[in-house]
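Student: Following is a predicted model, sequence given first.
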Amino acid sequence: MFLNQKFLSVSALQNYKINCLYKNDTSQLYIGTDNGLYILGHKKFSHITFKNGLCSDKINCISSFNNKILLGTDKGLSVYDEKEERFQNYFLKYGLIDENISHDCKQPCFKICLGRII
């Protein structure tokens, strides 16, 4: 799928603002920008956008929960399943209070809080 896309170098990021970083258990680096999600993995560098299934190209925050990557965007929550290489998106109609998710935190009891600063 889209994770097999390869770029020549990480210089593809030089023109974009990096909003957040997240490193998973397998040392893949997730880079959230205003131009989508970049994944720096083992011998590959991938770029994922709205066209590939994200809620939005503007990634505000990245976290993980239950082996899934949570991506807070300005238009909702994208949950990425690394094994399946697919997204499930959540919006107001799924119970979000606000679609602009700009911050995340993990509580000791492993509950995830997603929100925004007003």
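Tutor: On my side now, so go ahead. Please read these numbers as outputs of a predicted model, since none were measured by experiment.

Student: got a pLDDT number for residue 40?
Tutor: Residue 40 carries a pLDDT value of 90.

Student: Go ahead and confirm it touches residue 27.
Tutor: No: counting by C-beta atoms under 8 Å, residue 27 is not a contact partner of residue 40; they are 9.3 Å apart. In short, each C-beta sits where N, CA and C put it, glycine included.

Student: Show me what the residue positioned nearest the centre of the chain bridges to in the sheet.
Tutor: Most central residue of the chain, judged by C-alpha distance to the mean C-alpha position with C-alpha atoms, centre = their mean, is residue 71 at 3.5 Å. According to DSSP bridges, the partner residues bridging residue 71 are residue 62, residue 78.

Student: Please shift the residue numbers so they start at 838 in all later answers.
Tutor: With 838 as the first residue, the last one maps to residue 908.

Student: Tell me which of residue 877 and residue 864 has more neighbours.
Tutor: Taking residue 877 and residue 864 together and counting by other C-beta atoms under 10 Å, residue 877 has the greater number of neighbours (17 against 9).

Student: Which strand or helix spans that one?
Tutor: strand 873-878 (DSSP states H and E).

Student: Give me the buried positions along that strand.
Tutor: 873, 874, 875, 876, 877 (16 or more other C-beta atoms under 10 Å).

Student: From the rest of the structure, what touches that strand?
Tutor: 840, 847, 849-850, 863, 865-868, 882-887, 889, 891, 894, 896, 908 (C-beta atoms under 8 Å, 6 or more residues apart in numbering).
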